[in-house]
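Asker: I would like to see how this sequence folds:
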Amino acid sequence: MFTDASKTTSALGKLNATVRRVLAKTAAAVLGPLLLDAVIVLAMSIAFAHAGSASGCLGLSIAAVVSLGAFAFLYNWVDVTALSLHPFYKRRLCTAFALKRIKPKGQLAVAQEAIDHQGRLEKEASSAVEQRREVTARVDAEERLREERGSQPPTNDEQRVIEVHKAEV
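Answerer: Residues are numbered from 1 along each chain as shown. Next up is the predicted model:
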């Protein structure tokens, strides 16, 4: 029996991914309604078998109300994805079907740290640009002052500012 299953699995594995997906969706589309019909037929068979007796009707009514109440409770207050599956698949299901979100631990902290680091880099870059503008404005002002003086050589302070400006450029 298992050898037949492994042969079938290997044969399906050789098929194109699109063909495998179409086969799976077709099987789900056929078997899903058949399973639902089987459950409905079973429930109706039980109901009709006990329909003749008064205690049978009362018991079925109570069972139906209890079942409906249990379903409503579970549907509204229990996270279905918390009951099984690996956390990766839980997050995928929650995202796909807009269920209760399961926040990944650690990834958000890493992302926030990266955002903070980017903000620090941008601040440093803008302060460096501002410093460069200030130095350029100072050098330009000193060059205008020298032009106004004529051909006098720059003072030591002016020479230091010019060298710093040249080093930064």
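Asker: I would like the residues contacting the helix or strand encompassing G59, please.
Answerer: In this structure, G59 sits in helix 54-77 according to DSSP states H and E. Residues outside helix 54-77 that contact it (C-beta atoms under 8 Å, 6 or more residues apart in numbering): 46-47, 49-51. Bear in mind the C-beta positions are built from the backbone N, C-alpha and C, glycine included.
Asker: State the distance from E148 to A47.
Answerer: 108 Å (C-beta to C-beta, to the nearest Å).
Asker: per-domain residue ranges of this protein.
Answerer: Domains of the chain are assigned by automatic domain parsing as 2-78, 108-168.
Asker: Can you tell me which of these is nearest to F88?
Answerer: domain 108-168 (15.9 Å; C-beta to C-beta).
Asker: so how far is the closest one off the chain centroid?
Answerer: 43 Å (C-alpha atoms, centre = their mean, to the nearest Å).
Asker: avg pLDDT for it?
Answerer: Domain 108-168 shows a mean pLDDT of 77.
Asker: Please identify the longest helix in the chain, counting by residues.
Answerer: Secondary structure of the chain per DSSP state H: the longest helix is helix 107-149.
Asker: Past that helix, which element shows up next along the chain?
Answerer: helix 156-168.
Asker: What is that following helix packed up against?
Answerer: Under the contact criterion of 3 or more C-beta pairs under 8 Å, 6 or more residues apart in numbering; DSSP states H and E, helix 156-168 touches helix 107-149.
Asker: could you give the angle of the helix it packs on to helix 156-168?
Answerer: 140 degrees (axes from the mean of the first three to the mean of the last three C-alpha atoms, to 10 degrees).
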